[in-house]
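Participant: A predicted structure for the sequence below; I have some questions about it.
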Amino acid sequence: MKKSYKVTGIDCPNCAAKLEEKLRKVEGVEKLTLNFLTERMTLEAADDKFAQVLENVVKIQKEHEPDWEIFVK
Amino acid sequence: MTEKLELIICLVLYFVIGGKILLKAGRNIIHGEIFDENFLMVVATIGAFFVGEYDEAVMVMVLYRIGEFLQNKAIGKSRRQISALMDIRPDFANRITKADNGEESEEKLDPEDLSIGDIIIIRPGERIPVDCEIIEGESRIDAAALTGEAHPVSVSAGAEIYSGSINMDGLLRAKVLKPAEESTACRILELVEEAADNKAQAENFITRFAKIYTPVICGLALLVGVVPPLFVGGWHDWIYKALEFLIISCPCALVISIPLAFFAGIGGASSKGILIKGGNYLEALSKAKIIAMDKTGTITRGVFKVVAVHPSDCDEAKLLELATLAESFSNHPIARSLAEAYGDKPDKSRVSEFREIAGKGVLAKVDGKHVAAGNRKIMEMVGCDYHDCDHIGTRVHVALGGHYMGHVIISDEVKEDSKSAVERLKASGLEVLMLTGDKQDTAEAVANQLGIEEFEAELMPEGKLDIVEKKMETLGKKEKLAVVGDGINDAPVLARADVGIAMGGMGSAAAVEAADIVLMNDRPSDIALAVRHAQRIMKIIYEDIGISLGIKVVVIIAALLGYSPMWLAVFADVGVCMIAILNSMRGLKVK
């Protein structure tokens, strides 16, 4: 499954690239892009584990960039 | 006493203004990321406190925060401008449902909730929610958001309309053909949004560059701050210079402006109906040295038309009528083009004893008289003298009762702007090559007409691939080859070339899939426009690199020589970044 989310607060492309690298290492993430310019995160993961993977991704993001927010619908 | 007071005031101001930066730097160090711009600022300003330049430390932090603020403003504005260009996402749809008693009701819903076969209503001024087919109503459709073209197209029942375009005048009732996510607007948006993930070499270079650059500069700053004073003394001055070094060295300008230039370039192009699937393709297109163009459907319309009627022994109307009637039972494309030129529906009751002779033409009786129509072989077959002419195209000779009446010439039309497109491509420094499966003389005529010196005719798809591969071998490392095709028959060459450009992407999923760059309009001049745009974007990017590094180097030298106050160092960081961002945003315009 592939879903895309709005992300706010990304204030520098270098930080986005660094966080992207970290989020890609979260278990279960098949593909992840964090786009500084479009302010969107696209996540691909297995259907059955998607919710769990997304939760872990958001957790790691909060740890590193607490000022950002991923809008999980 | 006064100095202590000054220190206290400055420290308070410093923490108020720079607290956030200190926090960020601290957090990043905890996460194992030592070298980032926050860290550089913190080291530089704390260093300033230690060498007694309290007010400088505060000023640097103030300037940095102002710079950061302006930078964020600029980025926000850029983002908004780009997304405004891509504002083609339909917000809602009006679905009609029929109750059991036959009464219709309407509901407003998210286009994503529509299913294939649903009936929807589109009012004037509304955006088409999904790709659908009109079942009732007439209107004009403005597809400017998709194609960049402000020409409204008239539509009526039976026409397919694409999501993202706007219904201008009439009330339309339509049947959903595709779910929202497979409709045109969503496909385009997805493509442009994902484009930012296909990074160009220049972008990857900057990311790698930034990774090693900051630690290297920190090392250099350490050297500047420690080594010279060991020999010549003057610790205070040298540490001050080292701190300036740290401030100047921040790579933000490059890290922000270059991806932004690519993104602006891709966004700008999409507003003109040129979809680029990534910065890497934009970069490759800018380096294109050879452009290989398919003929049929790319340079020419791909639709056969009667271009000349040359009667020998009657008037033009009579000759066209005879040819059309004789061919009226045929399904051959030639028969269709004749009927189209004839205008009226041919009166088939006047035709009898129709016979199609494969590879030659047709024999029939029109108004009871024998008519033969076709190429020279059929003329020879019926033993009729004929004469040829040097007009390019397929000839349909017509004989009535064994007597030669003349010929009709049918040909594929060259698009109006093909010639100017070729001229502009050449002016941009490209070598234009035409590839076609068509006959040598037809190809030659088109090539001559357009001023294309090099062409290869009578090619099978594999033949095209061979030529493209051979051409690619002759190119230098930094030179690229682009192929333009219709995206359906040319898929293998499009995939093989450095850049594959498909024409007429509107409504054709295959074309969008196969190519790296999709032209929504069926216009060859857009190829030239895309090439020029790509070249311009790369120029902007080199300007960004040149301006940023240039100013930084100058200020670094000035700092080493002791001519630079700290505010100048801050300018070399955030000021340069602003300049580079503004420069990158010029990429939004397609000239």
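Facilitator: Perfect, thanks for sending it.
Participant: per-residue confidence at residue 33?
Facilitator: Just so you know, I chose chain A. The model reports A:T33 with a pLDDT of 85.
Participant: could you do chain B instead?
Facilitator: 71.
Participant: Contact partners for it?
Facilitator: By Cβ atoms under 8 Å, 6 or more residues apart in numbering or on different chains, the contact set of B:E33 is A:K18. To be clear about C-beta, it is placed using only N, CA and C from the backbone, and glycine gets the same treatment.
Participant: got it, and B:I537?
Facilitator: B:261-262, B:264-265, B:282, B:286, B:587.
Participant: What segments of the stretch 101-250 of chain B are helices?
Facilitator: Along the stretch 101-250 of chain B, counting by DSSP state H, counting those that start in this stretch, helices occupy B:144-147, B:184-195, B:201-232, B:235-248.
Participant: Of the ones you listed, give the one that comes closest to chain A.
Facilitator: Closest to chain A of those is helix B:184-195 (Cβ to the nearest Cβ; 5.2 Å).
Participant: Does anything pack onto that closest one? Which helices or strands?
Facilitator: helix B:144-147, helix B:252-270, strand B:274-276, helix B:509-514 (3 or more Cβ pairs under 8 Å, 6 or more residues apart in numbering or on different chains; DSSP states H and E).
Participant: Can I get the ones you listed in CSV including distance to chain A?
Facilitator: Shown next, in CSV, are these (distance: least, Cβ to the nearest Cβ, whole Å):
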stretch, distance to chain A
helix B:144-147, 18
helix B:252-270, 4
strand B:274-276, 14
helix B:509-514, 17
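Participant: Tell me what angle the lowest-mean-pLDDT helix or strand in chain A forms with helix B:201-232.
Facilitator: Of all helical and strand segments in chain A, the minimum by mean pLDDT, DSSP states H and E falls on helix A:13-24, at a mean of 83. For helix A:13-24 against helix B:201-232, the angle by axes from the mean of the first three to the mean of the last three Cα atoms, to 10 degrees is 110 degrees.
Participant: C-alpha coordinates for the helix or strand following helix A:13-24, CSV please?
Facilitator: Helices and strands here follow DSSP states H and E; after helix A:13-24, the next one along the chain is strand A:29-35. What follows is strand A:29-35, C-alpha atoms only, in CSV (Å, rounded to 0.1, in the frame of the first residue of the first chain):
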residue,chain,number,x,y,z
VAL,A,29,9.2,0.6,5.4
GLU,A,30,9.4,-0.5,1.7
LYS,A,31,9.7,3.0,0.2
LEU,A,32,9.6,6.4,1.8
THR,A,33,10.2,9.8,0.4
LEU,A,34,10.0,13.0,2.4
ASN,A,35,9.8,16.0,0.0
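Participant: Strand A:29-35 - contacts with which helices or strands?
Facilitator: Applying 3+ Cβ pairs under 8 Å, 6+ apart, we find strand A:29-35 packed against helix A:13-24, strand A:40-45, helix A:50-64.
Participant: Of those, give the one that comes closest to B:E112.
Facilitator: strand A:40-45 (16.9 Å; Cβ to Cβ).
Participant: what distance separates that closest one from the centre of its chain?
Facilitator: How far strand A:40-45 lies from its chain's middle: 6 Å, per Cα atoms, centre = their mean, to the nearest Å.
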